[in-house]
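A.B. asks: Got a predicted structure plus its sequence, pasted below:
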Amino acid sequence: MEKADLEELRAQVPCSAVLEEAGFALDLKESTRKAMKYRRGSEIIIVIHDGKGWFDPLGDDKGDVFNLVEHLHGVRFVEAMLEVASLVGFELSEPVWERQSRDRKLDVSVSERWRTRRKPWKESATWR
């Protein structure tokens, strides 16, 4: 397989698909938009870089989707590549983490908020 084919395969299969297939569950409570936390028993894997990378916070392992398959299944690169290829088009059952929007309505004007702020005092950072 050529390097361009590997890059295309890497772009098509996110690390979260490999983790879900391996029985990991997304921990929404401890996930953020940039770092999604997956758990399986006592194992933890953090997915980063929009699903393109991962790391094990309990160890030194990290990498791309191919390294993840090698790490989880204990296989060589060729077997990992075939496993990743079998996951092309895999639909995640868990929704992608999205930040909840805040419905804040400002009940006072901007000028009113500035008026209520503390005025600069001598020797404060603002005063200097």
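C.D. replies: Looks like it arrived, so ask away.
A.B. asks: contacting residues for the residue most central in space within the chain?
C.D. replies: The residue lying closest to the centre of the chain (C-alpha atoms, centre = their mean) is Ala35, at 3.0 Å. Residues near Ala35 by C-beta atoms under 8 Å, 6 or more residues apart in numbering: Ile46, Val47, Ile48. Every residue, glycine included, has its C-beta placed from N, CA and C.
A.B. asks: any low-confidence regions in the protein?
C.D. replies: 1, 90-106 (pLDDT under 70).
A.B. asks: what are the ranges of the strands in it?
C.D. replies: In the chain, the segments counted as strands under DSSP state E are 25-26, 36-40, 43-48, 53-55, 62-63.
A.B. asks: Columns distance to Met81 and mean neighbour count on top of those strands, output as a markdown table?
C.D. replies: Shown next, in a markdown table, are the strands of the chain (distance: least, C-beta to C-beta, whole Å; neighbours: other C-beta atoms under 10 Å):
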| stretch | distance to Met81 | mean neighbour count |
| --- | --- | --- |
| strand 25-26 | 25 | 17 |
| strand 36-40 | 22 | 19 |
| strand 43-48 | 19 | 20 |
| strand 53-55 | 17 | 20 |
| strand 62-63 | 13 | 16 |
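A.B. asks: can you redo those as JSON lines with distance to Val13?
C.D. replies: Converted to JSON lines, the strands of the chain look like this (distance: least, C-beta to C-beta, whole Å):
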{"stretch": "strand 25-26", "distance to Val13": "17"}
{"stretch": "strand 36-40", "distance to Val13": "15"}
{"stretch": "strand 43-48", "distance to Val13": "12"}
{"stretch": "strand 53-55", "distance to Val13": "12"}
{"stretch": "strand 62-63", "distance to Val13": "14"}
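A.B. asks: May I see the contacts of Ala35 organised as a markdown table, with distance to Glu8 added?
C.D. replies: What follows is these, written out as a markdown table (distance: C-beta to C-beta, whole Å):
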| residue | distance to Glu8 |
| --- | --- |
| Ile46 | 25 |
| Val47 | 20 |
| Ile48 | 21 |
